[in-house]
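**Q** below are the sequence and a predicted model for it; my questions follow.
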Amino acid sequence: MNNHFHNPEPLSADNAAVIFVDNQVGLMTGIRDYSIAELKHNIVGLAKAARALGLPIVTTTTSSETLWGPAIPELQAALPGQTFIDRTTVNAWDDPRVEAAIRATGRKKLIFAGLSLEVCAAFPAMRAVREGFEAYVAVDACGTFDSTKRETGVVRLIQSGVVVADAASLMIEILGDNASPKAEGVYTALGMDWSILIGQVRTSAAAQLA
């Protein structure tokens, strides 16, 4: 049996961008593979961490006035001033404005998060690979409508050469160094309880030594 292993060069703040696809109110109501609270936490955490790292961000919606409604308020609040490109194409990449915005980032490593996983995130990620980019999908910042869609969606992504990972791991890989001045902002954005606890312990210890 021939196995193909895809192990690209590490993500960094200089080579990565994040694309949020169709994280919309109407689509969120149909999510069944995550609790809504957990999924929103993961989406917003990814957005805030990407901002803390200074990554280019592209955001899209589909037919927001006629089908799925606006982007979820939590994501809009996490990305103040961000323009959400509203389109009608199923594959976000097929909209020339979205493709142009992605290419304008100048980055070759693209991290996708979308509702749904197997369409909104997967279709542009697979297209990115065909276009010569390296594509990643933050699977825990993507939701879908049943377990079959999630399972087959992940398999198809892997078959297509897309890297699947969790959002926090991708952001921490980009952070690269816990001594970075951006580290606190990244960990805070991700809302990782254990890291918050460690920060509190360090602050307490420093105060006792002062």
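**A** Received it, and whenever you're ready, just let me know what you need. Numbers count the residues shown, from 1 in each chain.

**Q** residue 95: what's it in contact with?
**A** Each residue near residue 95 by Cβ atoms under 8 Å, 6 or more residues apart in numbering is listed here: 60, 85, 87, 88, 89. C-beta: built from backbone N, CA, C; applies to glycine.

**Q** can you confirm residue 164 is in a strand?
**A** Yes - when DSSP: H, G, I helix; E, B strand; the rest coil is applied, residue 164 is found to be in a strand.

**Q** these two touch, right, it and residue 154?
**A** Yes - using Cβ atoms under 8 Å, residue 164 is in contact with residue 154, at 5.8 Å.

**Q** tell me which element the residue most central in space within the chain falls in.
**A** Closest to where the C-alpha atoms of the chain average out (Cα atoms, centre = their mean) is residue 113, at 3.8 Å. Residue 113 belongs to strand 109-114 when assigned by DSSP states H and E.

**Q** with residue 85 instead?
**A** Counting by DSSP H and E, residue 85 is part of strand 84-87.

**Q** buried stuff in the next helix or strand after that strand?
**A** Remark: after strand 84-87, the chain's next helix or strand is helix 96-104, criterion DSSP H and E. By 16 or more other Cβ atoms under 10 Å, the buried positions in helix 96-104 come out as 98, 99, 101, 102.

**Q** next, the buried residues of stretch 163-171.
**A** Within stretch 163-171, judged by 16+ other Cβ under 10 Å, the buried ones are 163, 164, 167, 168, 170, 171.
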